[in-house]
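# just need the structure, nothing else, for what follows:
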Amino acid sequence: MAICAIRGAITIDKNTKEDILENTSILLKEIISKNNINIDDIISITFTATEDIDAAYPAVAARSLNITKAALLCFQEMKVVGSLKMCIRVMLLVETNKTQEQMNHVYLKDAVVLRPDLLN
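So this is what the prediction gives:
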């Protein structure tokens, strides 16, 4: 087995607990689905949020998806002039038989601008 990293991001419309948790759940579900991940194989998830998001910890959404054994940590995203606002980013470390090249990174809503190389 190998350890691979999977990246993703999503934007939210409002800085509310409900919007943060709903959109983080959508992002995590999409990453899990596109990579055929067994939740028990998730080692850790790092979350970052832009400075305009402070109504809830995105990690709470992972716990509601029954991701209870993985280590979770939330950080504030580095502030860069002109960067994307209202954005939650994630990095999952997973144990897998796949290679890093086989991992499918997921960028949703306005966050697709972060990785135009992944657009079909």
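
# in the protein, which ranges drop under the pLDDT threshold?
With pLDDT under 70 as the threshold, the chain has low-confidence stretches at 120.

# 80 instead?
119-120 (pLDDT under 80).

# nearest residue to the middle of it?
To find the centre residue of the chain, average its C-alpha atoms and take the closest one (C-alpha atoms, centre = their mean): that gives Val90, at 2.9 Å.

# in its sheet, what does the host helix or strand of Ile45 sit against?
When elements are assigned from DSSP states H and E, Ile45 belongs to strand 42-49. Next to strand 42-49 in the sheet, as set by DSSP bridges, lie strand 71-76 (parallel), strand 87-96 (antiparallel).

# could you check how far the shortest one is from the centre of its chain?
To tie it back to what came earlier, the one meant is strand 71-76. Relative to the centre of its chain, strand 71-76 is centred 11 Å away, using C-alpha atoms, centre = their mean, to the nearest Å.

# buried residues, it. List them.
Judged by neighbour count using 16 or more other C-beta atoms under 10 Å, the buried positions of strand 71-76 are Leu72. Just so you know, the C-beta spots here come from the backbone N, C-alpha and C atoms, and that holds for glycine as well.

# and what of stretch 16-25?
Residues of stretch 16-25 classed as buried by neighbour count (16+ other C-beta under 10 Å): 19-21, 23-25.

# ok so, going back, in JSON lines: the strands paired with strand 42-49, plus distance to Ile39.
As requested, the strands paired with strand 42-49 are arranged in JSON lines below (distance: least, C-beta to C-beta, whole Å):
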{"stretch": "strand 71-76", "distance to Ile39": "13"}
{"stretch": "strand 87-96", "distance to Ile39": "10"}
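
# and of these, who's closest to Ile53?
strand 87-96 (6.6 Å; C-beta to C-beta).

# contacting residues around that closest one?
Residues lying outside strand 87-96 but in contact with it, judged by C-beta atoms under 8 Å, 6 or more residues apart in numbering, are 1-12, 20, 23-24, 27-28, 31, 35, 37, 41-50, 53, 58, 77, 110-111, 114.

# buried stuff in it?
Buried residues in strand 87-96, counting neighbours by 16+ other C-beta under 10 Å, are found at 87-90, 92-94, 96.
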